[in-house]
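Visitor: Here is the input, now give the coordinates:
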Amino acid sequence: MKKVFLIILIIMSAANYSLHPQRSDSAEITAQTILARVDRIMQYPAGEIQGNMKHIYPDGKSFDIDFKGLITISDFLFSFKSSSRGESLKVLYNMGGEDIWVYNIHALQLFHKMGIDKYDSVILTNFSFIDMSNSNFQSNYNAKIMGKTLIKGIECYRLNLDPIFDKSEYGLITLYATVDQYLPLRIDYHDRDKVVFKFQSLAKTMEKAGRIIPIRYDMLNIKNGTVTILNFNKFEEDKKFTGEIFRPEKLGE
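Guide: The predicted structure follows:
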């Protein structure tokens, strides 16, 4: 009888031992993993993209800007135009959006956006140059999962992103990524006093070649009550470009 009891104890111990590794293998998702997947979703598809921005004031007045982007893995070249001023701005992003050059076509001036200048508005809209850079969150922020919450009835991870670099105009970013697909459903931008002053909502996506692509963002500035709607209307992934066009000195040509 004692032998039988001893055998049972050995079997139970072996069963418990085999269960613990299974729990450790199914570790909870980390903040950096979520950021990696969000970064992947937000990256522009390679090729040519076209779209428009509509900036709306509290009184209902608005203005429109059309843009075209030439996109490779690490370099993006955007040109912006309006019906009133024609083509007025070229914005070059090198190194995956980390290095920003802006050419004012009417003033014939080239600017290298560094430090706080990266946070300047793109043609008086709610989007800054760094917002449109799609530079990786992973490279610029330390992230921490703060829990889960509902955004528009959808369960999301809530992450706090603290800037790595001191010159960031965003004192904190709060990111809400859906639990099922890691879509960046909302991004809250805090000033240096950690007060939310604008937020971006992901309003529409499409699926292409097995990938989810955001095609509309809404950016609300809480302080002045304005909204900028950013739409991507056309994707041409078969377009190829030479490296020459992604050099800052070529922007004025």
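Visitor: ok, now which ones touch Thr228?
Guide: Each residue near Thr228 by C-beta atoms under 8 Å, 6 or more residues apart in numbering is listed here: Met53, Lys54, His55, Ile56, Thr125, Asn126, Phe127, Asp218, Met219, Asn221. C-beta coordinates here come from the backbone N, C-alpha and C atoms, glycine included.
Visitor: Dig out what it forms beta bridges with.
Guide: Counting by DSSP bridges, Thr228 is bridged to His55, Met219.
Visitor: In the chain, where is pLDDT below threshold?
Guide: In the predicted model of the chain, residues 1-28 satisfy pLDDT under 70.
Visitor: Determine the longest strand present in it.
Guide: Ranked by residue count and defined by DSSP state E, the top strand of the chain is strand 196-208.
Visitor: Counting by contacts, list what it packs against.
Guide: Judged by 3 or more C-beta pairs under 8 Å, 6 or more residues apart in numbering; DSSP states H and E, strand 196-208 is in contact with strand 184-190, strand 211-221.
Visitor: Direction included, what does it pair against?
Guide: strand 184-190 (antiparallel), strand 211-221 (antiparallel).
Visitor: any chance you could map the strands in the stretch 1-150 of the chain?
Guide: If DSSP state E, counting those that start in this stretch is used as the criterion, the strands of the stretch 1-150 of the chain fall at 47-56, 62-71, 76-82, 86-94, 99-104, 109-113, 141-151.
Visitor: among those, which is nearest Thr226?
Guide: When the strands of the stretch 1-150 of the chain are ranked by proximity to Thr226, the top entry is strand 47-56, at 6.5 Å, counting by C-beta to C-beta.
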